[in-house]
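Enquirer: My questions concern the predicted model and sequence given below.
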Amino acid sequence: MKKWILHILLFTGIFGMLATSCSQEADDPTQDSRMAQVVFTIALDNSSAGSRGSWGDVDQPIGTTYENYIDPQLFHVQIATSNSTYTVRNIVTQKISENAYQFRGEVSIDTNSGSAKIMVYANMDTDTDGDLVTTFNQTATYIPMFGVKTINLPLNPGELNDFTADPIFLLRAMAKVEVKLSTETAASYSLAGVTLNTYNKKGNCLPGGLDEETVEETKDLCYPDNDSENSDAPSCFNPDNTEKGTNLEFTVTDNVCIVYLPEVANGTGNEELKMTLALTDKNGNSVALSNSNLYFHDYSVEAKPKFNIVRNHWYQYTVTINDAREVTPTLYYQVWPWKDIVNGTLTFGNMNGECN
């Protein structure tokens, strides 16, 4: 299967209506003539033609509040030139549809020629000096996301600068791993739990490859392991190996086990990624399995090659237990399409999808 980066689509939109901030409405705010005005929209991807990934055989839509929530207090936009980085300030928002918000902000750039990069950071905190914190914990409240797009300068002070033709693609910094039972197995057994033997407790918010000159936008990055067509492109894989954890338990809900993970390289020996299943019968008794392990291998290929846990992926295992009580897995994995979310609405702000 061919897999490219799927994304949240951010594109600048023409500001032609009232801009509603998260705390107040601004009928026609006075713009500082020394500042350049930029307007963009954050929206969910809806089967973009630029995306090569498809869930294919996976018939279950994804998208929980956790996967799709953006905290407006942790939403940052910067514009970087070759010499300096400028923060887009005074961002106000307006909900324009069930799955889109429009943003307007101001920035002052003292460079009048060349190019710059718009960089979008979501669910990332700042330290006491105001610098972005670019690492996160496995237990992060919400998933960090990042996107970049190259634009041409200048940004004219006192004017609306329109980049509607240049979308920005955002990547989640975490992966989702899901284990469930096949229909026939679920008729006799229940999942009591799944445990992952080793994982990274921390992750890098930003993808790898950003320093490469060839990266002008997010989709210029590729996924390792499963993107042979784009294998020469810089890899987005960027694990943080500084702190390892062991025996991570999945969350069990309605006979499905799920965990969210920072990226991690699949190793050898004790460092090879391995999940262990615990099953019960319909009477609640523990079931002894002759083989209870699942690996991060591509089971659709005879050689069953290993793969890493990569950001913005959803790895779904469907398990069948045969008569010998051996685990027979089917694995679907693909980049996350950012289109199916709870109640069909983009959650920006509080849990009802409105601004705080």
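Expert: Yep, that arrived.

Enquirer: Would you point out which residue is most central in this structure?
Expert: The residue lying closest to the centre of the chain (Cα atoms, centre = their mean) is R172, at 1.5 Å.

Enquirer: That one is in contact with I143, isn't it?
Expert: Yes: using Cβ atoms under 8 Å, R172 is in contact with I143, at 4.8 Å. For the C-beta atoms, the positions are set from N, CA and C on the backbone; glycine is no exception.

Enquirer: related to what we said a few turns ago, if I pick the residue nearest to the centre of the chain, what's in contact with it?
Expert: Each residue near R172 by Cβ atoms under 8 Å, 6 or more residues apart in numbering is listed here: E67, I143, P144, M145, R311, N312, W336.

Enquirer: Please apply the same query to T218.
Expert: With contacts defined as Cβ under 8 Å, 6+ apart, the neighbours of T218 are I5, H7, F146, G147, V148, K149, I168, F169, L170, L171, P207.

Enquirer: what would the contacts of R172 look like in a markdown table with neighbour count, pLDDT and distance to A36?
Expert: Written out in a markdown table, the entries for those read as follows (neighbours: other Cβ atoms under 10 Å; pLDDT from 0 to 100; distance: Cβ to Cβ, whole Å):
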| residue | neighbour count | pLDDT | distance to A36 |
| --- | --- | --- | --- |
| E67 | 20 | 80 | 34 |
| I143 | 26 | 92 | 31 |
| P144 | 26 | 94 | 27 |
| M145 | 24 | 89 | 25 |
| R311 | 30 | 90 | 32 |
| N312 | 25 | 84 | 31 |
| W336 | 27 | 55 | 33 |
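
Enquirer: For those residues, which two are the farthest from each other?
Expert: With distances taken as Cβ to Cβ, the most widely separated pair in the contacts of R172 is P144 and W336, at 14.0 Å.

Enquirer: Give me the number of neighbouring residues for the closest residue to A288 other than its chain neighbours.
Expert: Spatially, and ignoring its direct neighbours in sequence, A288 is nearest to R325 (7.1 Å; Cβ to Cβ, 6 or more residues apart in numbering). Counted with other Cβ atoms under 10 Å, the neighbours of R325 add up to 14.

Enquirer: is it true that R325 touches V319?
Expert: No: the criterion here is Cβ under 8 Å, and R325 misses it with V319 at 11.7 Å.

Enquirer: where exactly do the helices run in this structure?
Expert: Residue ranges of the helices in the chain, as given by DSSP state H, are 65-68, 183-186.

Enquirer: hey, C-alpha coordinates of the last one in CSV?
Expert: Taking only C-alpha atoms (Å, rounded to 0.1, in the frame of the first residue of the first chain), the coordinates of helix 183-186 have been written out as CSV:
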residue,chain,number,x,y,z
THR,A,183,-16.5,-11.2,15.4
GLU,A,184,-16.2,-15.0,15.7
THR,A,185,-13.7,-14.8,18.5
ALA,A,186,-15.7,-12.1,20.4
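
Enquirer: Could you pull up the residues touching the closest residue to D127 other than its chain neighbours?
Expert: In this structure, D127 finds its nearest non-sequential neighbour in V133, 5.6 Å apart by Cβ to Cβ, 6+ apart. Under the criterion of Cβ under 8 Å, 6+ apart, the contact partners of V133 comprise M124, D125, T126, D127, C205.

Enquirer: Per-residue pLDDT of V133, please?
Expert: Each residue has a pLDDT score; the one for V133 is 97.

Enquirer: what about it, distance to D125?
Expert: V133 sits at a distance of 5 Å from D125 (criterion: Cβ to Cβ, to the nearest Å).

Enquirer: got it, and E272?
Expert: Counting by Cβ to Cβ, the gap between E272 and D125 amounts to 33 Å.

Enquirer: In terms of neighbours, single out the busier of the two.
Expert: The residue with more neighbours, out of E272 and D125 and counting by other Cβ under 10 Å, is D125; that gives 17 against 14.

Enquirer: got the contact list for stretch 275-292?
Expert: Applying Cβ under 8 Å, 6+ apart, the set of residues contacting stretch 275-292 from outside is 177, 179, 188-197, 293-295, 317, 319, 321, 324-327.

Enquirer: so where is the protein shaky, pLDDT-wise?
Expert: The model of the chain has pLDDT under 70 over residues 1-33, 41-63, 96-102, 164-167, 224-232, 333-347, 350-356.

Enquirer: Show me which positions of the strand of greatest length in it end up buried.
Expert: In the chain, ranked by residue count with DSSP state E as the criterion, the top strand is strand 189-200. Along strand 189-200, the positions that meet the burial threshold by neighbour count (16 or more other Cβ atoms under 10 Å) are Y189, S190, L191, V194, T195, L196, N197, T198, Y199, N200.

Enquirer: What pairs with that strand, parallel or antiparallel?
Expert: With DSSP bridges as the criterion, the sheet partners recorded for strand 189-200 are strand 244-249 (antiparallel), strand 274-281 (antiparallel).

Enquirer: Restricting to C-alpha, output the longest one in PDB.
Expert: Included here for strand 274-281 are C-alpha records, laid out as PDB according to Å, rounded to 0.1, in the frame of the first residue of the first chain:
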ATOM      1  CA  LYS A 274       5.700  -6.800  21.600                       C
ATOM      2  CA  MET A 275       2.100  -6.800  22.900                       C
ATOM      3  CA  THR A 276       0.800  -9.400  25.200                       C
ATOM      4  CA  LEU A 277      -3.000 -10.200  25.300                       C
ATOM      5  CA  ALA A 278      -5.100 -11.300  28.300                       C
ATOM      6  CA  LEU A 279      -8.400 -13.000  27.500                       C
ATOM      7  CA  THR A 280     -11.400 -14.200  29.500                       C
ATOM      8  CA  ASP A 281     -14.200 -16.600  28.600                       C
END
